[in-house]
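S.K.: got a sequence here, can you model it:
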Amino acid sequence: MKFLAKFGKLDRRIVFGLLLATILIPLLFSVKSRFYVDSATQKVFDYVDKIEPNGRPLMISFDYDPQVAAELDPMARAVLRHCFARNVRVVGLSLAPQGDAIGEGIMTQVAREFNKKHGVDYCYFGYRPGGTIIMLQMGVNVSKALPLDYYQGPYASLPMMRNIHNYDDIAVILSLAGSTYPVSWMIFAGTKFKVKIAAGQTAVMAPDNYPFLQTGQFIGQLGGMKGGAEYEQLIVDAGYYGKPDVASKAMNAIAYSHLLIILLIVLGNVGYFISRKLEKSKQS
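M.R.: All right, here's what the predicted structure looks like:
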């Protein structure tokens, strides 16, 4: 009884130390955990998994800035690894100015992992100003909307792009954003030109898209850090990649720290009531 009573007055330095340990251990060491895979994540994976190798490419738009990169970068890497492992070609671009360098860094990193060559296995066009104008223009003529790649190479010089004229030649568009860019893609590309749209959103934005998932206007969605961790788990289970990456480690840290907080709240309340009972017994 007296031992439990001490939890009601636990030194905050012990609490902070325990919390730090539950966060750092999953981040620094491999802690195997499995996540429930949301149906929206599964649908994105299933669709990408059915894209014909060396056929129509997946288009990925890095429509975000560094403020939300921690949530969206893991999604981008997981989807790119899925594509490159299956020899699915990828077209990358960004409609957000700060997404320009983010996209180039991620695509270059993952391409190196799979020995993929720019212009042949993937193309990156960087930031394209204009927003919805670019979306609409690509529905008519992609080469007019994307005349130069990120490295200032002409569209015609990219072997992979020779047979890509408009959205009919794109398998699916994945917009990664911490804003409403995916909805704009859905309206101006999906609704008008009938191209398939998938979303990758931060955790606070993902719930806004549930109506579009129910109507089929989005084929699927990756939501927040958990969405990235789910996709990492799916590509590992399917044998496309060796081990879970950053999102899975981060979710482990979040899960274990939350469990610790719940446990400390319960023990703190138990300790408080026991200490009150002991005080009353002394007074009587």
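S.K.: tell me the helices in the chain, going along the chain?
M.R.: 2-5, 12-28, 39-49, 69-85, 99-113, 132-140, 142-145, 181-185, 192-193, 210-215, 224-237, 246-283 (DSSP state H).
S.K.: how about residues contacting the shortest one?
M.R.: If I follow you right, that is helix 192-193. Residues outside helix 192-193 that contact it (CB atoms under 8 Å, 6 or more residues apart in numbering) are L136, G139, N166, Y167. Where C-beta positions appear, they are placed from N, C-alpha and C, glycine not excepted.
S.K.: a markdown table for those residues, including distance to M75?
M.R.: Listed next are the contacts of helix 192-193 as a markdown table, based on distance: CB to CB, whole Å:
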| residue | distance to M75 |
| --- | --- |
| L136 | 26 |
| G139 | 25 |
| N166 | 26 |
| Y167 | 22 |
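S.K.: now do stretch 138-145: distance from first to last residue.
M.R.: 6 Å (CA to CA, to the nearest Å).
S.K.: again, but for stretch 195-206
M.R.: Span of stretch 195-206 from end to end, CA to CA: 21 Å.
S.K.: then stretch 115-129?
M.R.: End to end - CA to CA - stretch 115-129 spans 30 Å.
S.K.: chain neighbours aside, what residue packs nearest to N87?
M.R.: P53 (4.0 Å; CB to CB, 6 or more residues apart in numbering).
S.K.: quick check: buried residues in stretch 147-155?
M.R.: By neighbour count, with 16 or more other CB atoms under 10 Å as the criterion, the buried positions of stretch 147-155 are D149, Y150, Y155.
S.K.: hang on, the earlier thing: report how many residues lie close to the residue nearest to N87.
M.R.: By other CB atoms under 10 Å, 10 other residues sit near P53.
S.K.: would you mind measuring from it to D121?
M.R.: Distance, P53 to D121, by CB to CB, to the nearest Å: 11 Å.
S.K.: likewise M135?
M.R.: Between M135 and D121 the computed distance is 24 Å (CB to CB).
S.K.: more neighbours, those two?
M.R.: With neighbours defined as other CB under 10 Å, M135 and D121 compare such that M135 has more, 27 against 20.
S.K.: so what's the nearest residue to that one once chain neighbours are set aside up against?
M.R.: Counting by CB to CB, 6+ apart, M135 lies nearest to F188, which is 4.1 Å off, once chain neighbours are set aside. F188 makes contact with T132, M135, L136, G139, according to CB under 8 Å, 6+ apart.
S.K.: now F188: how far from T132?
M.R.: F188 sits 5 Å away from T132, going by CB to CB.
S.K.: what of I197?
M.R.: I197 is 14 Å from T132, by CB to CB.
S.K.: the two - which one has more neighbours?
M.R.: Legend: neighbour count by other CB under 10 Å for I197 and T132, higher for I197 (24 against 14).
S.K.: any idea how far the nearest residue to that one once chain neighbours are set aside lies from L259?
M.R.: The spatial neighbour of I197 that comes closest, neighbours along the chain excluded (CB to CB, 6+ apart), is G190 at 4.1 Å. G190 sits 40 Å away from L259, going by CB to CB.
S.K.: tell me which of the two has more neighbours.
M.R.: A count of neighbours by other CB under 10 Å puts G190 above the other of G190 and L259, at 25 against 11.
S.K.: what sits against the more buried one?
M.R.: Contacts of G190 (CB under 8 Å, 6+ apart): I173, K196, I197, Q217.
S.K.: right, and the last one touches W185 too?
M.R.: If I follow you right, that is Q217. No - using CB atoms under 8 Å, Q217 makes no contact with W185, being 10.3 Å away.
S.K.: more neighbours, those two?
M.R.: W185 (26 against 17).
S.K.: which residue is the nearest non-sequential neighbour of that one?
M.R.: Nearest to W185 is S175, by CB to CB, 6+ apart, at 4.6 Å.
S.K.: so how many other residues sit close to the one you found?
M.R.: There are 27 residues near S175, going by other CB under 10 Å.
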